[in-house]
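Asker: Provided below for reference: sequence and predicted model.
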Amino acid sequence: MATLAYAVRRKGSAVDFVNLPVDSPAVFSARGLPAATQIRKADHLRVCLEEDVQFQATTGLERYRFRHCCLPELDFADLDLSANFLGKSLSAPLLISSMTGGTELAQTINYRLAAAAQQFGLAMGVGSQRVAIENPEVLPSFAVRSVAPDILLFANLGAVQLNYSYGLAQCQQAVDWLEADALILHLNPLQEAVQTRGDTNFRDLLGKIGQLCRHLPVPVIAKEVGNGISAQMAERLIEVGIRAIDVAGAGGTSWARVESERASDARQRRLGQTFANWGIPTADCLVAIRQAAPDLPLIASGGLRNGLDVAKALALGADLAGLALPFLQAAADSELALQELVETLSAEIATVLFCTGSAAIPDLRAGRLESVAS
């Protein structure tokens, strides 16, 4: 059986790694665990790492370029990449976006990601914790505070589960187990519609989200999973108490394509192919939501692949930029690959600051980004 090294505990400032088997249905069955949700999680990781499930449509960020400054009047060494989100300071405006949990490979990835977030002062979200609510035995795959005691950390559950017997108690569990600073409620109607036996009852969810926002003691963040959030929907979410929004726009990983790859019947497979490029491009979400809600804590994600994408998203109004696939690929490789990725992203962001005459991240919004004529 294939093995992969992964972090299991922290020794001082170092993370200790051991070799354990990569996930398989046989492993789940042998442990007597309900396999369906865990196999789905393992499938998601496998498909994202092995198959081409990216949007053919773009993020919209290519429609913008920075105005070059040939004399920045700055010392590169003095550039300030720091950011603040929901009252917590970060060394860079980067979020390791919600991805996974609930399997051995997921634990490998989450611990490596958390160690990198701790080392570089980044924010991090875990994947949906529904699998841990169903099977508390898999809680260690999410328990990253042991390697990342100081990071801004987001718990995560699907909003639709509020229509499937989940309520304040389960959401509080997810936050408490993780020692999280906020809860992400992810919104994924297309993924559920394409997923074989997906949870598709989204009726009257807005009121339930509002009730949760009123009673949960940490901020609640609304996040799409790759199809975008419109300004109109953002306004409705804000009205019921959502404290921040992650646009998760179209242009990155297509979860319709992911579910199509793992579909068990021809109809669901075709649905995923038909709607593979459905959604609002990330750039369009950012511009519209920032105009509608100037003071809203806003996360950009959905197809960001490098520091230039990050800088464009920040210039369009985001406070934080989330990346998933680049971090997933690096974490599946090695701890060193993750360190190199973060250092490269930071260097790319700093280069944008330097070559636009921007001393700090907030300066990027000061008219330095231009729309490219079509």
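Answerer: Now that the structure is in, tell me what you want to look at. Numbers count the residues shown, from 1 in each chain.

Asker: please, where are all the helices along the chain?
Answerer: Assigned by DSSP state H, the helices in the chain fall at 25-30, 35-50, 104-120, 130-134, 168-178, 189-194, 205-215, 231-239, 255-261, 266-274, 282-292, 307-315, 325-333, 335-355.

Asker: which strands and helices sit next to the shortest one?
Answerer: The reference is to helix 130-134. When contacts are defined as 3 or more CB pairs under 8 Å, 6 or more residues apart in numbering; DSSP states H and E, helix 130-134 sits against helix 35-50, strand 153-158, helix 168-178. (C-beta placed from N, C-alpha, C; glycine too.)

Asker: hey, least reliable of these by pLDDT?
Answerer: Among the helices and strands packed on helix 130-134, helix 35-50 carries the lowest mean pLDDT, at a mean of 66.

Asker: quick one: contacts for the spatially closest residue to P189 that is not a sequence neighbour?
Answerer: What sits nearest to P189 in space, not counting adjacent residues and going by CB to CB, 6 or more residues apart in numbering, is F202, at 5.7 Å. By CB atoms under 8 Å, 6 or more residues apart in numbering, F202 lies in contact with V160, N163, P189, E192.

Asker: would TSV of those with distance to R67 and pLDDT be doable?
Answerer: Putting the contacts of F202 into TSV (distance: CB to CB, whole Å; pLDDT from 0 to 100) gives the following:
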residue	distance to R67	pLDDT
V160	43	98
N163	48	98
P189	39	97
E192	42	95
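
Asker: I figured D43 hits R262, correct?
Answerer: Yes: at 4.6 Å, D43 counts as touching R262 under the criterion of CB atoms under 8 Å.

Asker: can you pull up the most central residue in the chain?
Answerer: S97 (2.2 Å; CA atoms, centre = their mean).

Asker: for that residue, give me its contacts.
Answerer: G125, D246, A248, S301, G322, L323, A324, F327.

Asker: between those, which is closest to T351?
Answerer: L323 (17.1 Å; CB to CB).

Asker: and the nearest residue in space to the closest one that is not next to it in sequence, how many neighbours?
Answerer: Take L323 and drop its neighbours on the chain: the residue closest to it by CB to CB, 6+ apart is L304, 5.1 Å away. A count of neighbours around L304, defined by other CB atoms under 10 Å, yields 30.

Asker: with S346 instead?
Answerer: Other residues near S346 come to 19 when the count uses other CB under 10 Å.

Asker: that one contacts L90, correct?
Answerer: No: using CB under 8 Å, S346 is not in contact with L90; the gap is 11.5 Å.

Asker: joint contacts of those two?
Answerer: Counting by CB under 8 Å, 6+ apart, S346 and L90 have no common neighbour.

Asker: would you mind listing the buried residues in stretch 52-66?
Answerer: By neighbour count with 16 or more other CB atoms under 10 Å, stretch 52-66 contains the buried residues V53, Q54, F55, T58, T59, G60, L61, R63, Y64, F66.

Asker: which of those fall within strands?
Answerer: Judged by DSSP state E, strands contain the following of the buried residues of stretch 52-66: Y64, F66.

Asker: want to throw the buried residues of stretch 52-66 into JSON lines with pLDDT and distance to T253?
Answerer: Listed next are the buried residues of stretch 52-66 as JSON lines, based on pLDDT from 0 to 100; distance: CB to CB, whole Å:
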{"residue": "V53", "pLDDT": "76", "distance to T253": "6"}
{"residue": "Q54", "pLDDT": "87", "distance to T253": "6"}
{"residue": "F55", "pLDDT": "86", "distance to T253": "8"}
{"residue": "T58", "pLDDT": "94", "distance to T253": "14"}
{"residue": "T59", "pLDDT": "97", "distance to T253": "12"}
{"residue": "G60", "pLDDT": "97", "distance to T253": "16"}
{"residue": "L61", "pLDDT": "98", "distance to T253": "16"}
{"residue": "R63", "pLDDT": "97", "distance to T253": "21"}
{"residue": "Y64", "pLDDT": "97", "distance to T253": "22"}
{"residue": "F66", "pLDDT": "98", "distance to T253": "26"}
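
Asker: what stretches of the stretch 251-374 of the chain score poorly on pLDDT?
Answerer: Residue ranges of the stretch 251-374 of the chain with pLDDT under 70: 373-374.
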